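*Asks:* need a 3D model of the following:
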Amino acid sequence: MSFRDWATRVLLISLMFTALSVALLIGKINQLKTHSITPSNQEITTNWSEYPQAQLQLSKNQPAKSSVTTRQNAGRYRTTEAFAKYLPRYEIAAVDPSNYGDRYTQDINGVKLTNQPIIVIHETGYSADSAVNFFQTLHEDESVQASYHTLIKLDGTVVYLVPPEKRAFGAANSVFESFNGIETVQTNPNLAPSVNNFAYHVSLETPPDGRGDNYIKAHSGYTEEQYHSLAWLIAQSQIPEDRITTHQQVDRSGQKIDPVSFDFDKFLTLLNTYRQISPVYRAQG
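*Replies:* Numbering: from 1, shown residues only. Okay, the predicted model is just below:
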């Protein structure tokens, strides 16, 4: 056998082995793609049912008997007859996906998150329509993305914005001080830690005399309808009073003082009108 024939056979054998190796490598890559698992910090928390749930009435514009019956649940709280009789109007406004996200089960360091839910009360600073328009606008800059879960207009209309199982961007640099200590979560390495991952954000529309000035110390306050709708909304949650707070209390930027002129005692009185400790829970305690 000549040298040329021998060299040709060696070359063919080498090409065959190379082709086989490439095929095996491609198969391995496809297998890894097929069995890849989404990072655990992209999973959604499962305790969102403790947040206020959307109770949508049969009629938006006409008074009618509430379709919401008294909830005889086995949780800490149950709603009352006063809750069932109150019928706030409602609207649904879809928020641009850039302005909210998923709730995480781990922070950026892979630490498992066990924060219990809180409720943060805000005010819009401008009109309700202005806030909704902002939330419905695409914002690629992460530093300006913002949203609430719910907004309550001056006439008491409840505007549902972000579903409670999602993470609204209501408070940037923020911390909640609980009986267990400091609570905050960092989910974005480019942004300061915040309470957003375990917070439900609800905002009151600012009255006309308080709009446009982020540093205003007081204004005429909120309407009776707003207080009632706020209490009615939060009565649907299982979140205790000591985990209901304000934007001013959780803010660590030193710039947020809302909700201005908010009567917390009045709100709590109404909240206890629309919900009460469940007899089952009281008996267990």
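
*Asks:* got a pLDDT number for the residue nearest in space to the middle of the chain?
*Replies:* Of all residues in the chain, the one closest to the mean position by CA atoms, centre = their mean is Arg167, 3.1 Å from it. According to the predicted model, the pLDDT of Arg167 comes to 97.

*Asks:* ok, it - contacts?
*Replies:* With contacts defined as CB atoms under 8 Å, 6 or more residues apart in numbering, Arg167 is in contact with Tyr100, Gly101, Asp102, Arg103, Tyr104, Thr187, Asn196, Asn197. In this view, the C-beta of every residue, glycine as well, is placed from N, C-alpha and C.

*Asks:* backbone dihedrals for it, please?
*Replies:* Taking degrees, to the nearest 10, you get phi -100, psi 110 for the backbone angles of Arg167.

*Asks:* looking at the contacts of Arg167, which is nearest Ala172?
*Replies:* When the contacts of Arg167 are compared for distance to Ala172 (CB to CB), Asn196 comes out closest, at 8.4 Å.

*Asks:* now the closest one. Nearest residue, chain neighbours left out?
*Replies:* Using CB to CB, 6 or more residues apart in numbering and skipping the chain neighbours, the partner closest in space to Asn196 is Arg167 (5.3 Å).

*Asks:* so where's the stretch 1-150 of the chain uncertain?
*Replies:* Scanning the stretch 1-150 of the chain for pLDDT under 70 picks out the ranges 1-48, 57-74.

*Asks:* could you pull out the helices for it?
*Replies:* 3-34, 81-85, 128-135 (DSSP state H, counting those that start in this stretch).

*Asks:* ok, back up a step: please name the bridge partners of the residue nearest to the centre of the chain.
*Replies:* With beta bridges defined as DSSP bridges, Arg167 has these partners: Gly101.

*Asks:* that one and Asn190, how far apart?
*Replies:* 16 Å (CB to CB, to the nearest Å).

*Asks:* try Gln53
*Replies:* According to CB to CB, Gln53 stands 32 Å off from Asn190.

*Asks:* which of the two has more neighbours?
*Replies:* Between Gln53 and Asn190, Gln53 has the larger neighbour count (other CB atoms under 10 Å), namely 15 against 7.

*Asks:* hang on, isn't Gly75 packed against Ile239?
*Replies:* No. With contact defined as CB atoms under 8 Å, Gly75 and Ile239 do not form a contacting pair (10.4 Å).

*Asks:* which of those two has more neighbours?
*Replies:* Residue environment comparison for Gly75 versus Ile239 gives the larger neighbour count to Ile239, 19 against 14, counting by other CB under 10 Å.

*Asks:* for Ala199, see how far away the residue nearest to Asn196 is.
*Replies:* Counting by CB to CB, the gap from Arg167 to Ala199 is 8 Å.

*Asks:* then Ile108?
*Replies:* Distance, Ile108 to Ala199, using CB to CB: 18 Å.

*Asks:* the more surrounded of those two?
*Replies:* Counted by other CB under 10 Å, Ile108 and Ala199 do not tie: Ala199 has more neighbours, with 27 against 13.

*Asks:* the more buried one bridge partners, please.
*Replies:* Ile118.

*Asks:* quick one: it and Ile121 touch, right?
*Replies:* No. Contact criterion CB under 8 Å: Ala199 and Ile121 do not qualify, at 10.5 Å.

*Asks:* mind listing what the closest residue to Pro207 other than its chain neighbours touches?
*Replies:* Spatial nearest neighbour of Pro207, chain neighbours left out: Ser220 (4.9 Å); criterion: CB to CB, 6+ apart. Contacts for Ser220 were tallied using CB under 8 Å, 6+ apart; they are Pro207, Asp209, Gly210, Ser261.

*Asks:* same check on Ala128?
*Replies:* Contact criterion CB under 8 Å, 6+ apart gives Leu151, Lys153, Leu154, Val159, Glu205 as the residues in contact with Ala128.

*Asks:* over to Tyr100?
*Replies:* Under the criterion of CB under 8 Å, 6+ apart, the contact list for Tyr100 reads Ser147, Val162, Lys166, Arg167, Ala168, Phe169.
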